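S.K.: Curious how this folds, go ahead:
(chains A and B)
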2 protein chains.
Amino acid sequence: MCAAERNEDGLTAIRLTALLTAFEPGDDVLGISELARRTELAKSTVHRLVGHLVTTGLLEREGTSVRLGLKLFEIGQLAIRQRGLVDAARPYLADLREATRNTVHLAVLEGTEVVYLDILRGPDAPTLPSRIGGRFPAHATGVGKAILAYIPESEVEKVIAAGLARVSPRTITAPGLLRKHLTKVRGEGIAYEREESAVGVVCAASPLLDAGGRALAAISISGWADRMRTERVAPAVRTAALTLSRTLQ
Amino acid sequence: MCAAERNEDGLTAIRLTALLTAFEPGDDVLGISELARRTELAKSTVHRLVGHLVTTGLLEREGTSVRLGLKLFEIGQLAIRQRGLVDAARPYLADLREATRNTVHLAVLEGTEVVYLDILRGPDAPTLPSRIGGRFPAHATGVGKAILAYIPESEVEKVIAAGLARVSPRTITAPGLLRKHLTKVRGEGIAYEREESAVGVVCAASPLLDAGGRALAAISISGWADRMRTERVAPAVRTAALTLSRTLQ
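M.R.: Got it, this is the predicted structure:
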């Protein structure tokens, strides 16, 4: 062991993580040069570290390129199963999809964004850009607003301080407007979202609460603005969220 | 940089992967001592490496313990999305679940085991030990046998050479019997599984084939042996598998 090891293995951990997170939706395989470009590491370093990651199964070789290993899928499923939410929510989501024929989402808040833990796409719903494991600005989504309405104000202020990006012409970008909107959500237990994340798409969301009334996650139903009446599906989402919350407490 | 770096970062990669794969189904958080015990690493090494993994977001702190980070779920979803199978199969699985009220599986072969990529649990089905991201010996499952029947014989022989473990009293453990059974599966396009993975549970599976007729994955319907007639659900599984195969080719 050399004196530099203590620092070196921290650097290695950062570099290995950078290689794993260099993959983006739509990438199938990536070559050494592309990985070097994306991680800003030397090609020789990438070559060596990729070899290590292939050995451990976190990456898989495909010719001279690599792709993310199936082992990462297995570890990732454990990461999410430990939260117990996905398994608990799955039958409720399936029932909501069946009853409404629209698309249902389950999401949690991570910083200023929501991460989608599960999505069941309905036959009558538009093709949405959301994907399982993907992120979206919280303030621009039904699930995000449902969660923001049920967490301490100090945490909401952090989201506001980070800036409310406009992702569609109707996104709520004014802090005062968002605060007022969240008060309304708290009153109804439902967060309506009207073309704020994407033009032509609406959604009704409701939070999953812990015993202390704090949001752990949220579920929603999304559909076409001209075909789905959010007020009509809202009681179904709210009921499912309340029942599901009870099983989580 | 010291002379040992080249070897050191390989060791670090192996140790980091060991820490990530130390988590098992049912674990919520793990402490440093438990991680040291499971990985057979010194506590001081675990402490240092865990710190690095927390920094990169692959682990998350929970008091003095850690759990797998949500980032691993996100990376894991990319690992699987790149295979495109889960998204393509999801609506077919949902329809099969709805039509049969039993549990549907989507799985791929990895070495001698199947890895479950998706599971939709049906209201009439038994609670099965299978979980998304989990593994099971291929020869003992419907999906595994459906895949084994449609890959080159040399690969089937590797599975046989690794040993056909008995996981239930009815598991096919004799190589000759398995070869004969796979010939029958090839003739019908359906792999029946009768209490070979678990007592009281039966299943009908069918392979998803590429343009060359090679199995990429398989789907199945599982139910109680005394309530679900496998011959009755087989045409539905086979039809869904054929249609789905066409979309993948």
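S.K.: roughly how far apart are A:Leu242 and chain B?
M.R.: According to CB to the nearest CB, to the nearest Å, A:Leu242 stands 20 Å off from chain B. All C-beta atoms are positioned from the backbone trio N, CA, C, and that covers glycine.
S.K.: How about A:Leu109?
M.R.: Shown here: A:Leu109 relative to chain B, a distance of 10 Å by CB to the nearest CB.
S.K.: Is the residue nearest to that residue when sequence neighbours are not counted within a helix or a strand, and which one?
M.R.: Nearest non-adjacent residue to A:Leu109, counting by CB to CB, 6 or more residues apart in numbering or on different chains: A:Ile147, 4.7 Å away. For A:Ile147, the host element (DSSP states H and E) is helix A:142-148.
S.K.: Please name every helix or strand in contact with that helix.
M.R.: In terms of contacts (3 or more CB pairs under 8 Å, 6 or more residues apart in numbering or on different chains; DSSP states H and E), helix A:142-148 is packed against strand A:103-110, strand A:113-120, helix A:175-188, strand A:191-194, strand A:201-209, strand A:215-224.
S.K.: among the ones you listed, which is nearest B:Gly133?
M.R.: Closest to B:Gly133 of the helices and strands packed on helix A:142-148 is strand A:113-120 (CB to CB; 13.5 Å).
S.K.: Let me see the mean pLDDT of the next helix or strand after that closest one.
M.R.: Using DSSP H and E, the helix or strand that follows strand A:113-120 in sequence is strand A:135-137. In this model, strand A:135-137 has an average pLDDT of 94.
S.K.: Spatially central, which residue of chain A would that be?
M.R.: A:Val115 (1.2 Å; CA atoms, centre = their mean).
S.K.: and that residue, what are its bridge partners?
M.R.: A:Val115 has these beta-bridge partners by DSSP bridges: A:Val108, A:Arg135.
S.K.: how close does it get to A:Leu11?
M.R.: Here the criterion is CB to CB, to the nearest Å. By it, A:Val115 lies 28 Å from A:Leu11.
S.K.: Then A:Ala79?
M.R.: Using CB to CB, A:Ala79 is found at 24 Å from A:Leu11.
S.K.: quick one, which of the two is more surrounded?
M.R.: Taking other CB atoms under 10 Å in any protein chain shown, A:Ala79 and A:Leu11 do not tie; A:Ala79 has more neighbours (25 against 15).
S.K.: Okay, the more buried one and chain B: tell me how far apart.
M.R.: Separation of A:Ala79 from chain B (CB to the nearest CB): 4 Å.
S.K.: again, but for A:Glu40
M.R.: Taken as CB to the nearest CB, the span from A:Glu40 to chain B is 16 Å.
S.K.: same question, A:Glu113
M.R.: Counting by CB to the nearest CB, the gap from A:Glu113 to chain B is 11 Å.
S.K.: Name the nearest residue to that residue, sequence neighbours excluded.
M.R.: Nearest one to A:Glu113, counting by CB to CB, 6+ apart, is A:Arg135 at 4.3 Å.
S.K.: my guess is that neighbour meets A:Val115, correct?
M.R.: Yes - counting by CB atoms under 8 Å, A:Arg135 touches A:Val115, with 5.5 Å between them.
S.K.: shared neighbours, these two?
M.R.: Both A:Arg135 and A:Val115 are contacted by B:Glu74, under the criterion CB atoms under 8 Å, 6 or more residues apart in numbering or on different chains.
S.K.: Let me see the contact set for the residue nearest to A:Gly134 when sequence neighbours are not counted.
M.R.: By the measure of CB to CB, 6+ apart, the closest residue to A:Gly134 outside its immediate chain neighbours is A:Tyr116, 5.5 Å from it. By CB under 8 Å, 6+ apart, the contact set of A:Tyr116 is A:His105, A:Leu106, A:Ala107, A:Ser130, A:Arg131, A:Ile132, A:Gly133, A:Gly134, A:Arg135, A:Phe136.
S.K.: Mark which of those are buried, thanks.
M.R.: In terms of neighbour count (16 or more other CB atoms under 10 Å in any protein chain shown), the buried residues within the contacts of A:Tyr116 are A:His105, A:Leu106, A:Ala107, A:Ser130, A:Ile132, A:Gly133, A:Gly134, A:Arg135, A:Phe136.
S.K.: Now render those residues as a markdown table, adding distance to A:Glu74.
M.R.: Shown next, in a markdown table, are the buried ones among the contacts of A:Tyr116 (distance: CB to CB, whole Å):
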| residue | distance to A:Glu74 |
| --- | --- |
| A:His105 | 24 |
| A:Leu106 | 20 |
| A:Ala107 | 22 |
| A:Ser130 | 23 |
| A:Ile132 | 15 |
| A:Gly133 | 14 |
| A:Gly134 | 20 |
| A:Arg135 | 22 |
| A:Phe136 | 26 |
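S.K.: just those now: which is nearest A:Pro235?
M.R.: Taking CB to CB as the measure, A:Pro235 lies nearest A:His105 of those, at 17.6 Å.
S.K.: what sits against the nearest residue to that closest one once chain neighbours are set aside?
M.R.: Of all residues not flanking A:His105 in the chain, A:Ser220 sits nearest, at 4.8 Å (CB to CB, 6+ apart). Contacts for A:Ser220 (CB under 8 Å, 6+ apart) come out as A:104-105, A:107, A:141-143, A:146, A:191, A:193, A:203-206, A:237.
S.K.: Relative to A:Thr183, which of the buried ones among the contacts of A:Tyr116 is nearest.
M.R.: A:Ala107 (21.3 Å).
S.K.: That closest one touches A:Leu148, doesn't it?
M.R.: No - in this structure A:Ala107 lies outside contact range of A:Leu148 using CB under 8 Å: 11.8 Å.
S.K.: Show the end-to-end separation of stretch A:103-118, please.
M.R.: 11 Å (CA to CA, to the nearest Å).
S.K.: Give me the average confidence score over it.
M.R.: Stretch A:103-118 comes out at a mean pLDDT of 94.
S.K.: now do stretch A:74-91
M.R.: Mean predicted lDDT for stretch A:74-91 stands at 82.
S.K.: still on that earlier bit, show the contacting residues for the residue nearest to the centre of chain A.
M.R.: So A:Val115 contacts A:Ala107, A:Val108, A:Leu109, A:Gly133, A:Gly134, A:Arg135, B:Leu70, B:Phe73, B:Glu74 (CB under 8 Å, 6+ apart).
S.K.: could you dump these to CSV with distance to A:Glu155?
M.R.: Shown next, in CSV, are those (distance: CB to CB, whole Å):
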residue, distance to A:Glu155
A:Ala107, 16
A:Val108, 13
A:Leu109, 8
A:Gly133, 23
A:Gly134, 22
A:Arg135, 17
B:Leu70, 16
B:Phe73, 21
B:Glu74, 21
